[in-house]
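Trainee: Coordinates only, no sequence provided:
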């Protein structure tokens, strides 16, 4: 009942309300980023969602397009900007994902959506994380997030799916908001490699 009906309604209503409430602030961020980067304020990337269906995730842009002499993009550490670091530390870069929630691509709570490149690397058990919509936050995020080894993160994702309920979602949201300003940088995660222990 909650998973199939109430959770999607809850997601839509809260995402819509937050977008209305935060609209002036979001417009301000958009204008600042357009001026700062002299281009698009958004970052778009393909991620894997419910039932392994790909979707385009929205984020505020945090990196420049600096390239080397071969016209190849530099690594993230050389492209992250000072403003980008602030947006990531405060989590503001994730705010555009309210649009993903409104569209039905994501939920407020669920396993974080990962890159399509990783799909062939997952075991059948890990693939169960795609039996629910990916989330803006999740059980793994409140238990160490990106500081966890990949296997531990997947264990948390599967535990969430097993115990999914309204009460669980409320607890996860509460524990996400409390330490919000001191959470781990979302790009300190490294690439997933099932043969490598973090």
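Mentor: Looks like it arrived, so ask away. Being a predicted model, the structure only gives us computed values, none of them experimental.

Trainee: Not counting sequence-adjacent ones, nearest residue to residue 44?
Mentor: Nearest residue to residue 44, sequence neighbours excluded (C-beta to C-beta, 6 or more residues apart in numbering): residue 56, at 5.2 Å. Where C-beta positions appear, they are placed from N, C-alpha and C, glycine not excepted.

Trainee: Now for the one you found: which residues touch it?
Mentor: Contacts for residue 56 (C-beta atoms under 8 Å, 6 or more residues apart in numbering) come out as 44, 45, 46, 47, 105.

Trainee: cool, and residue 109?
Mentor: Residue 109 neighbours (C-beta under 8 Å, 6+ apart): 135, 136, 137, 138, 160, 168, 169, 172, 173.

Trainee: Where does residue 59 fall, secondary structure wise?
Mentor: For residue 59, the enclosing helix or strand under DSSP states H and E is strand 54-60.

Trainee: Whichever helix or strand comes after that strand packs against which elements?
Mentor: Downstream of strand 54-60, the first helix or strand assigned by DSSP H and E is helix 76-79. Packed against helix 76-79, as judged by 3 or more C-beta pairs under 8 Å, 6 or more residues apart in numbering; DSSP states H and E, are no other helices or strands.

Trainee: Tell me the helices and strands packed up against the top helix by length along the chain.
Mentor: Criterion DSSP state H: the longest helix present in the chain is helix 7-37. Contacts defined by 3+ C-beta pairs under 8 Å, 6+ apart place helix 7-37 against helix 82-90, helix 97-103, strand 107-109.
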